[in-house]
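1. below are the sequence and a predicted model for it; my questions follow.
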Amino acid sequence: MATPSPRSTSKPSGLDCRLAVLGTDARLTPHRRDVFQALAESNDHPTAYDLFTRVKERSPSISLATVYNCLDHLTSHGLIRQVQLERGQSRYCANLHEHVHFHCETCGKVIDAHPAADFDPAKFWNLPAGTKVTRMDIAIHGTCEVCAAKA
């Protein structure tokens, strides 16, 4: 009896899994995959320029404009989140779980903060009657533990 030949199966990437769960029709080019991978590997909520310098190592031919286009595509298809902190540059987050962002006003670090318990924003804030919350973009500002210890 012949032994079946081993097949090389590649493990799906985090982006492939996210696409399957979200059921999005996003078209993934190699550059979009590289930008997503660089973002997923970070935990510092990088700007487009930060991602450009990181992706440039993997994909030397990529331009800053291409990185912006990739981020726009990934954001518009719900694969990543754009984070706005006041008037600063947009930052990006691969964490799609419900959370807010803590921004240290001393060092500039941005940290994900998850709810401590089930949270219904419609019950927490006095929203107009009949409204339905579809997403939240909340930033909490203060001083991180490291900066507070230095003060």
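-> Alright, I've got the coordinates.
2. which parts of stretch 133-140 are buried?
-> Judged by neighbour count using 16 or more other CB atoms under 10 Å, stretch 133-140 contains no buried positions. C-beta here means a position set from N, CA and C on the backbone, and glycine is covered the same way.
3. got the contact list for it?
-> Contact with stretch 133-140 is made by 83-86, 98, 100-103, 113, 121-122, 127, as judged by CB atoms under 8 Å, 6 or more residues apart in numbering.
4. send the alpha carbons of that stretch over as PDB?
-> Taking Å, rounded to 0.1, in the frame of the first residue of the first chain, the C-alpha atoms of stretch 133-140 are listed here in PDB:
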ATOM      1  CA  VAL A 133     -24.300  53.000  18.500                       C
ATOM      2  CA  THR A 134     -22.400  51.300  15.700                       C
ATOM      3  CA  ARG A 135     -18.900  52.100  16.900                       C
ATOM      4  CA  MET A 136     -16.900  54.200  19.400                       C
ATOM      5  CA  ASP A 137     -13.800  56.200  18.900                       C
ATOM      6  CA  ILE A 138     -12.800  57.200  22.400                       C
ATOM      7  CA  ALA A 139      -9.400  58.400  23.600                       C
ATOM      8  CA  ILE A 140      -8.600  58.800  27.300                       C
END
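5. among the contacts of stretch 133-140, which are located in helices?
-> Of the contacts of stretch 133-140, the ones assigned to helices by DSSP state H are 121, 122.
6. redo the contacts of stretch 133-140 as CSV? Include distance to residue 51 and pLDDT.
-> Listed next are these as CSV, based on distance: CB to CB, whole Å; pLDDT from 0 to 100:
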residue, distance to residue 51, pLDDT
83, 13, 91
84, 16, 87
85, 16, 83
86, 20, 76
98, 24, 82
100, 22, 87
101, 17, 89
102, 21, 91
103, 19, 91
113, 22, 89
121, 29, 73
122, 34, 72
127, 34, 85
